[in-house]
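*Asks:* Quick check, what structure comes out for this input:
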Amino acid sequence: MSDNRLGEYLRARRELARPADVGLPDGFGRRRVPGLRREEVAMLAGVSADYYVRLEQGRDRHPSEQVIEALAGVLGLDDAAVAHVRELARPARRRRRPPSRAERVSDGVQLLLDGWTRTPALVLGRHLDVLAVNALGGSIASCSAPGVNQVRAVFLNPDARDLYPDWDTVAAETVASLRAAAGSDLDDPALTDLVGELSLKSDEFRRLWARHDVRPKTSGSKRFRHPLVGELTLRFESLAVNGAPGQVIVAYHAEPGSPSEEAIALLSSAVTPTAAENPAAEDRARM
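*Replies:* Numbers count the residues shown, from 1 in each chain. This next block holds a predicted model:
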């Protein structure tokens, strides 16, 4: 990863932009590059071509808010992407990186997860490592086991394409979530190692990482292919864990009355301990 992160991002998004989306014919002139030319972006954003070239080359790294907004309009950036550009454009602050510590989930968060017997849920760390999971969440997918990195599992586990019927979509969203979680802190040694490993072992990861897509994992839906109950379609919501920067709780739920809800109920009955097997639960029931 180079230190010209803003320039790399702008170049990647420029190459993905379609001339037709900004009112230019695809055959405008003799087009030798994918997407838009630098001078086209500059013209549409209302800045000089020389200034835009300096941004991409890293000779100017701190565009104004007005320039950021103008470039966002030309390149079709959504709110999350604009926030990412603002982060990249901030003046770098020199700071000593504290020694890395293993991410841990508090006892309270684990108890919360365990109490959701009808809600598959897990906690992800800043690099999409599974830090904790409840019984039902672990029964949905093998990539939800504690200690598993979900990015590595999606691209390197051969079972992932069977697990996710929409693997292409899941793969793209996973890479975009990793970039969003990392923000501008791409010097993190653990992140560097993860990206380096996956770039060497997966052509698809390398291609998606080069797109610079940024999408936080907030909400959406995902399909799973389960060996016992068949296909599941579940929605998810992500909740930040206060006091644990980078950690999010991801909770899944099915549409009421859907076959997926019936399947979740069946799985819940199979994995949830009975009162006799769980004395603590029995004591709470008597209170």
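
*Asks:* And D166, how close does it get to L16?
*Replies:* Distance of D166 to L16, given as Cβ to Cβ, to the nearest Å: 21 Å. In short, each C-beta sits where N, CA and C put it, glycine included.

*Asks:* Compare those two and say which is more crowded by neighbours.
*Replies:* L16 (16 against 13; other Cβ atoms under 10 Å).

*Asks:* what's the burial count for the nearest residue to the more buried one once chain neighbours are set aside?
*Replies:* Leaving out its chain neighbours, the residue that sits closest to L16 by Cβ to Cβ, 6 or more residues apart in numbering is G35, at 5.7 Å. Residues within reach of G35, counting by other Cβ under 10 Å, total 18.

*Asks:* go on, S238?
*Replies:* S238: 15 neighbours (other Cβ under 10 Å).

*Asks:* what comes up buried for the host helix or strand of Q66?
*Replies:* Element membership of Q66, judged by DSSP states H and E, is helix 65-75. Across helix 65-75, burial judged by 16 or more other Cβ atoms under 10 Å covers V67, I68, A70, L71, A72, V74, L75.

*Asks:* next one: stretch 156-163
*Replies:* The neighbour-count check on stretch 156-163 (16+ other Cβ under 10 Å) flags A160, L163 as buried.

*Asks:* The buried residues of helix 65-75 into a markdown table, with extra columns for distance to A210 and pLDDT?
*Replies:* Rendered in a markdown table, the data for the buried residues of helix 65-75 read as follows (distance: Cβ to Cβ, whole Å; pLDDT from 0 to 100):
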| residue | distance to A210 | pLDDT |
| --- | --- | --- |
| V67 | 24 | 95 |
| I68 | 22 | 95 |
| A70 | 24 | 95 |
| L71 | 19 | 95 |
| A72 | 20 | 94 |
| V74 | 20 | 94 |
| L75 | 16 | 94 |
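
*Asks:* which among these gets closest to S219?
*Replies:* A72 (22.5 Å; Cβ to Cβ).

*Asks:* Check the closest residue to the closest one other than its chain neighbours and give its pLDDT.
*Replies:* Distances taken as Cβ to Cβ, 6+ apart place V82 nearest to A72, at 4.8 Å, with adjacent residues excluded. V82 is assigned a predicted lDDT (pLDDT) of 94.

*Asks:* All set now, cheers.
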